[in-house]
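In: just to be clear, the model below is a prediction. Sequence and coordinates:
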Amino acid sequence: MQRYFDVHNILNADTAKKIYDECTAKLQTTEYSVRNLLRKMNVKLVCTTDDPVDSLEYHQKIKEDGFEIPILPAFRPDHAMNVSDPAKFLGYVKKLEAITNIAISTFDDFLFALQNRHDFFASMGCSVSDHGLEEIYTDDFTGSEIDAIFNKVHGGKNISEPEQRKFRSAMLIHFAEWDWEKGWVQQFHLGALRNNNSRMLQTLGADTGWDSIGDFSQARTLAKLLDKLDANNKLAKTIVYNLNPADNELMATMVGNFNDGSVAGKIQLGAAWWFLDQKDGMTRQINAISNMGLLSRFIGMLTDSRSFLSYPRHEYFRRILCDLFGDEIENGELPNDINWIGKVVQDICFNNAKNYFNWQLDPKPAVIKTAKV
């Protein structure tokens, strides 16, 4: 409210109507267009989150009209892995056929069409993928098993839970190898237990607020995936976002197993997200990295929001980060060297992400955002 609308009154029953009216009026003006809001918050780059079957037509239009802030897609193929509902999966396959003009009757056809979209996303400036998963899937499988599973679900038949896990495991490997081939960054958002209220799911649909933190077993499967890719020299730069605070240290130590020195901070414990995107959650995540790894290589905060009014979250993160450094300086745990500490803070808040993603951006510290829209 302060950063966007210059509102400094406490929001309560007495002030709410006046604040609402004033903010609404401002939003009708050119100054408060989405593009000017991005400029107001000094945004340097936005990544959207897009399904492989998305046309990306609006990304093309933004490129054509010369908007100075890069708006790049990110590849999120969750629906392409989900074979729990044959009817929905078949509907997805039809969309994939339509967008690629590729007939799909076999698993190889399916992979070919998806890789076609992966290539197209790359041509549109995409350099990151994202996966929203309860847990990593690493069940053992053979090629013939995956062919048979695809044929079964493509024929409209239900498949068992073990078969679903094998299919997801196979798809994760293919996506990860494509990301490595293109030099992309792969991201895994792990640990959400979704759609817990079946009555509200039926009433309002998915992703309407009935999700929670899950308590999935993460260590063994995450290690197995990263190790398999590393052993084949096909492990891309990877960010793991953890939703269960009980797993912070687990994942902070896990990423250290695969930081091979080829890239600074190649495998990252990502910023606190969703339910942990608050002071305590951010503090615990930062301390886990500091205690178990190398905080100076951390790529910092992401907004991970559908709202163009969410950029002050970066300021919130910066304040928490600086407060933690300040406390440790006062306690004598870090040197009282403002230039050195200041450089570390700038790196975490901007430079590390810029270098990690290979984005050509103004070096002046600013806001970097990854958004869902």
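Out: Received the coordinates, thanks. Just so we're clear, the structure is a prediction, and the values are computed from it rather than from any experiment.
In: quick check, residue 320 in contact with residue 279.
Out: Yes - counting by Cβ atoms under 8 Å, residue 279 is a contact partner of residue 320 at 6.0 Å. Quick note: C-beta positions are derived from backbone N, CA and C, even for glycine.
In: which one of the two has more residues nearby?
Out: With neighbours defined as other Cβ atoms under 10 Å, residue 320 and residue 279 compare such that residue 320 has more, 20 against 13.
In: residues in contact with the more buried one?
Out: Residue 320 is in contact with 279, 282, 283, 286, counting by Cβ atoms under 8 Å, 6 or more residues apart in numbering.
In: could you check how many residues crowd around the third one?
Out: For residue 283, the tally of surrounding residues (other Cβ under 10 Å) stands at 16.
In: excluding its backbone neighbours, what's nearest it?
Out: residue 320 (6.1 Å; Cβ to Cβ, 6 or more residues apart in numbering).
In: quick check, the one you found in a helix?
Out: Yes - assessed with DSSP: H, G, I helix; E, B strand; the rest coil, residue 320 lies in a helix.
In: confidence score at it?
Out: pLDDT for residue 320: 98.
In: state the distance from it to residue 217.
Out: Distance of residue 320 to residue 217, computed by Cβ to Cβ, to the nearest Å: 30 Å.
In: can you check residue 59 too?
Out: Per Cβ to Cβ, residue 59 is found 38 Å from residue 217.
In: name the helix or strand for residue 132, please.
Out: Here residue 132 is covered by strand 128-133, with elements defined by DSSP states H and E.
In: for that strand, list the C-alpha coordinates in CSV.
Out: Below are the C-alpha coordinates for strand 128-133, written out as CSV (Å, rounded to 0.1, in the frame of the first residue of the first chain):
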residue,chain,number,x,y,z
VAL,A,128,14.0,-22.1,-17.2
SER,A,129,11.6,-24.9,-16.5
ASP,A,130,9.5,-25.5,-13.4
HIS,A,131,7.8,-28.5,-11.9
GLY,A,132,5.2,-28.4,-9.1
LEU,A,133,5.3,-31.8,-7.4
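In: just the helices in the stretch 151-300 of the chain please.
Out: Ranges of helices in the stretch 151-300 of the chain, per DSSP state H, counting those that start in this stretch, are 161-182, 198-204, 219-231, 248-256, 279-292.
In: out of those, which gets nearest to residue 8?
Out: Smallest distance to residue 8 across those (Cβ to Cβ): 21.1 Å, for helix 279-292.
In: off-centre distance for that closest one?
Out: Averaged C-alpha coordinates place helix 279-292 at 18 Å from its chain's average position (Cα atoms, centre = their mean, to the nearest Å).
In: give the buried residues for it.
Out: 281, 282, 283, 285, 286, 288, 289, 290, 292 (16 or more other Cβ atoms under 10 Å).
In: what's in contact with that helix?
Out: Under the contact criterion Cβ under 8 Å, 6+ apart, helix 279-292 has outside partners 242, 245, 248-249, 251-253, 256, 269, 271-272, 275-276, 295, 298, 301, 316-317, 320-321, 324.
In: please pick the buried ones from those residues.
Out: Among those, those classed as buried by neighbour count (16+ other Cβ under 10 Å) are 242, 245, 248-249, 251-252, 269, 271-272, 276, 295, 298, 301, 317, 320-321, 324.
In: just the strands in the protein please.
Out: In the chain, the strands defined using DSSP state E lie at 43-47, 71-72, 128-133, 185-190, 192-193, 212-213, 237-242, 267-269, 367-370.
In: returning to what we had before: quick one: closest of the helices of the stretch 151-300 of the chain to residue 359.
Out: Closest approach to residue 359 among those is made by helix 161-182 (15.1 Å; Cβ to Cβ).
In: now that closest one and helix 219-231, what's the angle there?
Out: Relative orientation of helix 161-182 versus helix 219-231 (axes from the mean of the first three to the mean of the last three Cα atoms, to 10 degrees): 40 degrees.
In: and helix 161-182, what does it pack against?
Out: Under the contact criterion of 3 or more Cβ pairs under 8 Å, 6 or more residues apart in numbering; DSSP states H and E, helix 161-182 touches helix 78-81, helix 107-123, strand 128-133, helix 143-154, strand 185-190, helix 219-231.
In: can you tell me how far residue 83 is from residue 162?
Out: Counting by Cβ to Cβ, the gap from residue 83 to residue 162 is 12 Å.
In: no more questions from me, cheers.
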